[in-house]
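Asks: Next input, structure requested:
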Amino acid sequence: MRTSSTFSVLFWIYIQRAKGGEAPIYVRISLDNKKLNISLKRKIAIELWDSKRQRSTGVDPFDLELNEFLDQEYSRLFQYYQELRMER
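Replies: Numbers count the residues shown, from 1 in each chain. Now for the predicted structure:
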């Protein structure tokens, strides 16, 4: 019998901890209804965050680099998940 597990990655900003119009970016990892929030140690201007896309809407080099960083983090987390699945 095959067991199924659920895995998801969500990037979000913590508006309650915003200072000077910038909020810290967090990642929420969910696995089988267990959740873990991790700070990415990065901040973004609140008005530049697109919560549906979970990315910055800015077009300057900082924002493009941030979006690339988020893509890399997603890939890294998904790779860790795949490795854990193979070990079980």
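Asks: which stretches of the protein have low pLDDT?
Replies: For the chain, applying pLDDT under 70 flags the ranges 1-4.
Asks: Closest to the centroid, which residue in it?
Replies: Nearest to the geometric centre of the chain sits residue 11, at 2.9 Å (Cα atoms, centre = their mean).
Asks: ok now do it, which residues does it touch?
Replies: Counting by Cβ atoms under 8 Å, 6 or more residues apart in numbering, residue 11 touches 25-28, 40, 54-55, 70, 73-74. Bear in mind the C-beta positions are built from the backbone N, C-alpha and C, glycine included.
Asks: redo that, cut-off 6 Å
Replies: Contacts for residue 11 were tallied using Cβ atoms under 6 Å, 6 or more residues apart in numbering; they are 27, 54, 70.
Asks: How about residue 74?
Replies: residue 9.
Asks: ok, and what's touching stretch 19-35?
Replies: Here stretch 19-35 has contacts from 5-15, 17, 36-40, 42-46, using Cβ under 6 Å, 6+ apart.
Asks: 7 Å instead, please
Replies: 5-15, 17, 36-40, 42-46, 73, 77 (Cβ atoms under 7 Å, 6 or more residues apart in numbering).
Asks: mind listing the helices in the protein by residue range?
Replies: Ranges of helices within the chain are 61-87, based on DSSP state H.
Asks: Tell me how many other residues crowd residue 26.
Replies: Residues within reach of residue 26, counting by other Cβ atoms under 10 Å, total 17.
Asks: which parts of stretch 28-43 are buried?
Replies: 29, 43 (16 or more other Cβ atoms under 10 Å).
Asks: Just the C-alpha atoms of the longest strand along the chain, please, in PDB.
Replies: Determined from DSSP state E, the single longest strand within the chain is strand 34-45. Provided in PDB are the C-alpha atoms of strand 34-45 (Å, rounded to 0.1, in the frame of the first residue of the first chain):
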ATOM      1  CA  LYS A  34       2.700  20.000  10.300                       C
ATOM      2  CA  LYS A  35       3.900  23.500   9.700                       C
ATOM      3  CA  LEU A  36       7.200  25.200  10.200                       C
ATOM      4  CA  ASN A  37       7.900  29.000   9.700                       C
ATOM      5  CA  ILE A  38      11.400  30.100   8.900                       C
ATOM      6  CA  SER A  39      12.700  33.600   8.500                       C
ATOM      7  CA  LEU A  40      14.700  34.100   5.300                       C
ATOM      8  CA  LYS A  41      16.600  37.100   6.800                       C
ATOM      9  CA  ARG A  42      15.500  39.300   4.000                       C
ATOM     10  CA  LYS A  43      13.100  42.300   3.900                       C
ATOM     11  CA  ILE A  44      11.000  43.800   1.200                       C
ATOM     12  CA  ALA A  45       8.900  47.000   0.900                       C
END
